[in-house]
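Asker: Here is my input, please return the structure:
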Amino acid sequence: MTTNMTTNSSTNEITYTNENKPLAILNPENICFKCLQKYQAQQINSIYINPIYGCGYGDSEFNGYGSRLDLCTECYNQTNSEWWKLEKIKQNKEINDYTDYIDNISYKYEEEIIKYLKSMPIEGQELFFNMFAIGYKPLDMESQDWIDYTLEIISHENCRKYDYYYSPDEKKAYYKMYPKCQHPVNLIKENGYNISICPFGSKGKYNQEIDDDLYIRCYECQYYQERISTIKDINEKIWNDYNVWYTAKINIDKYKELFEKEDINEFTFALELENHTEKDNN
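Answerer: Numbers count the residues shown, from 1 in each chain. Next comes the predicted model:
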């Protein structure tokens, strides 16, 4: 399979776009995941990596997750055959500041296996990490969407088919807008784990730093305004009241137009409210 690509000469990093992206292999029978060539069935070595269960909070990449790896004879011989014996090892791992331990189960050569898997072309990675994956799947997408998402070139519309993933457009908006926006405040919590939070849905670390693990709601936000004052500290006990007050203050003109008109009947009010809602959404 031939794919056009561009290379950043300063970093030697390949950049894909929707015009030159790799295409998913939809009929992978007798395809080598490493070289992507098609072979006779007897020339393919199928390796089945089973999920590891019962390892608690162990560090294994295969904790409840496994898949199938097909390699041609030549690609297989370029690996260490010891890897594919999939020997399991057990180590005690301390999990807190006291004396509690868990059994940390993993494959003996897991680090080498993972490095090899991630060295495969993205089309081969998709077959292993998505199409043939069993058990827990970090991503569970249609094949082409998985490739596009992993390369961060998936469209916002295609990504929204999977409610639990943020699109590249959402991430870019969050990284660009959240640290500079006027609306977030520092939420001061009793447990000392302070964060920043925006009345319109986004969250971040303290002092408005971005946090990939929290909510991203900046994309197409109609309220964005570049910060003109210092960030406030708000105690978590009054956060709900502050949130109601702040969103009302921002929308005061719209609310006045809706609620302070004379001779407004229930039907007219409902119709105008619907029109305002549609206008806001657009």
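Asker: measure I113 to S119 for me?
Answerer: The gap separating I113 from S119 is 11 Å, by C-beta to C-beta, to the nearest Å. In short, each C-beta sits where N, CA and C put it, glycine included.
Asker: Likewise for N158?
Answerer: Distance of N158 to S119, computed by C-beta to C-beta: 27 Å.
Asker: repeat for N235
Answerer: Using C-beta to C-beta, N235 is found at 50 Å from S119.
Asker: again, but for P22
Answerer: Applying C-beta to C-beta, the value for P22 to S119 is 15 Å.
Asker: Looking at those two, which is more packed in?
Answerer: P22 (23 against 10; other C-beta atoms under 10 Å).
Asker: which element is that one on?
Answerer: Using DSSP states H and E, P22 falls within no helix or strand.
Asker: My guess is it contacts Q125. True?
Answerer: No: here P22 does not reach Q125: they are 9.9 Å apart, not a contact under C-beta atoms under 8 Å.
Asker: Excluding chain neighbours, what is closest to the most centrally placed residue in the chain?
Answerer: Central residue check for the chain by C-alpha atoms, centre = their mean: the C-alpha nearest the mean position is that of Y165, 5.0 Å away. Leaving aside its sequence neighbours, Y165 sits nearest to C159 (C-beta to C-beta, 6 or more residues apart in numbering; 5.8 Å).
Asker: In this protein, what residue spans correspond to helices?
Answerer: Under the criterion DSSP state H, the chain contains helices at 73-77, 110-117, 122-126, 143-150, 156-159, 168-177, 239-250, 252-259, 266-281.
Asker: counting contacts, what elements does the fourth one pack onto?
Answerer: Using 3 or more C-beta pairs under 8 Å, 6 or more residues apart in numbering; DSSP states H and E as the contact criterion, the elements in contact with helix 143-150 are helix 122-126, helix 156-159.
Asker: Quick check: which of those helices is nearest to I134?
Answerer: Among those, the nearest to I134 by C-beta to C-beta is helix 122-126 (15.0 Å).
Asker: got any ranges where the stretch 1-150 of the chain has weak pLDDT?
Answerer: Of all residues in the stretch 1-150 of the chain, those with pLDDT under 70 make up the ranges 1-16, 54-58, 92-103.
Asker: wait, I meant the stretch 151-282 of the chain
Answerer: 261-282.
Asker: If we use 80, what do you get?
Answerer: With pLDDT under 80 as the threshold, the stretch 151-282 of the chain has low-confidence stretches at 164, 213-215, 257-282.
Asker: how near is E126 to E170?
Answerer: Plainly put, E126 is 22 Å away from E170 if you go by C-beta to C-beta.
Asker: K203 - how many residues pack around it?
Answerer: Look at K203: counted by other C-beta under 10 Å, it has 19 neighbours.
Asker: correct me, but it touches I210?
Answerer: No: under the criterion of C-beta under 8 Å, K203 makes no contact with I210, lying 9.7 Å away.
Asker: Please list the outside residues in contact with stretch 76-84.
Answerer: Outside of stretch 76-84, the residues within contact range by C-beta atoms under 8 Å, 6 or more residues apart in numbering are N45, I47, L71, Y109, E112, I113, Y116.
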